[in-house]
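1. Kindly return the folded structure for what I paste below:
(one chain, ligands or ions: 3)
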Amino acid sequence: MSMCTLCKKREAVFMRPYSGERLCRRCFCKSIENKVRATISRYEMFQPDDKIMVGVSGGKDSVTLLHILTKIEKAFPDAPLCAVTVDEGIKGYRDEALKFAVENCRKLGIEHILTSFKQMYGYGLDEIVNMIQKKELTPCSYCGVLRRRALNTTAREAGVDKLATAHNLDDETQTMILNILHGDALRIARVKPVLTVVHPKLVPRVKPFCEVPEREVAFYAYLKKIEFQGVPCPYAGTALRNDVRTILNRLEEKHAGMKFTVFRSMERIRPALEAMAEEVKLRECKKCGEPTVGELCKPCQMLEKLSIA
Ligand code: SF4
Ligand code: ZN
Ligand code: ZN
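-> Ligands and ions are numbered 1, 2, ... in the order given. Predicted coordinates for the structure are as follows:
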């Protein structure tokens, strides 16, 4: 490759098709860190003294986010950072990933809180999967709902101001398209960089990677020699999400910048969608007391189905 188009001093190692930039190792890493900084300030994700918790699964995105936020937050000594890992109980997968989460937090000197499905709900995901055989819900639907709850409860109990997750540009655009494919267009309004508080028991969630393509997170992790778990989850694979991922990647290859275009289009439509959607009033679940739309929250509904099974 030729010289870096930014510093014009070092050899380029990365080509960014959607901007035409060719970047050296140093300028590439800086560009990612600056992008994250810009996203944080653009969406006003953090206040200078916010206590931030990062959801760290042990995979590439979350571990890399932890590294970058640690770097950025050094400029804000009043903004302590901590991490949380939810062990869903997936044998041979999450137990392995957990080691990477623990090791990275230790290296970075970050307080690390561990929680698990077993501890919170009495069962790990592997056990749950055995109990839902031949039922309509997939392991991922259980996993997603129960993990979101576990993260929120842990963040609230730790008294943090913000919960940061590592969803990248690819995750976000996939979710937007998936909502359309599921006929759930109004839900697009809920895929956003900052989920503000709608109930005092919900910790605001932010996604500082939402404008960074997955490929660039991966290259940053590679250049910085960040260690993470690379094996895919045994339950992933058949989902419609994989098809959407493939289509978006093909489009991006042919028409550079397509993922950003989808993301920006949705940003523009969102205010109108939000205005259309009825404002939901959240109340407390009659069983567990957590915020919910109906009488019984989603995790309680799901867990109840299991006990009948
Ligand atoms: Fe959970 Fe599905 Fe992700 Fe596996 S792929 S960790 S089951 S959401
Ligand atoms: Zn350079
Ligand atoms: Zn409940």
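2. mind listing what I132 touches?
-> Contact analysis of I132 by C-beta atoms under 8 Å, 6 or more residues apart in numbering lists P139, Y142, K305, L306, A309. C-beta: built from backbone N, CA, C; applies to glycine.
3. want to throw those into a markdown table with pLDDT?
-> What follows is the contacts of I132, written out as a markdown table (pLDDT from 0 to 100):
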| residue | pLDDT |
| --- | --- |
| P139 | 89 |
| Y142 | 93 |
| K305 | 84 |
| L306 | 82 |
| A309 | 49 |
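4. Kindly report the residues of this protein close to ligand 1.
-> E88, P139, C140, C143, G144, C233, Y235, A236 (C-beta under 6 Å from any ligand atom).
5. mind putting those residues in a markdown table, distance to ligand 3, secondary structure and neighbour count included?
-> Converted to a markdown table, the residues of the chain next to ligand 1 look like this (distance: C-beta to the ion, whole Å; DSSP: H, G, I helix; E, B strand; the rest coil; neighbours: other C-beta atoms under 10 Å):
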| residue | distance to ligand 3 | secondary structure | neighbour count |
| --- | --- | --- | --- |
| E88 | 19 | coil | 25 |
| P139 | 20 | helix | 18 |
| C140 | 20 | helix | 16 |
| C143 | 17 | helix | 22 |
| G144 | 16 | helix | 12 |
| C233 | 26 | coil | 19 |
| Y235 | 24 | coil | 18 |
| A236 | 27 | coil | 13 |
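6. Looks to me like E252 is in a helix.
-> Yes: using DSSP: H, G, I helix; E, B strand; the rest coil, the assignment for E252 is a helix.
7. wouldn't it be in contact with V262 here?
-> No: counting by C-beta atoms under 8 Å, E252 does not reach V262; the two are 9.7 Å apart.
8. neighbour count winner among those two?
-> E252 (22 against 19; other C-beta atoms under 10 Å).
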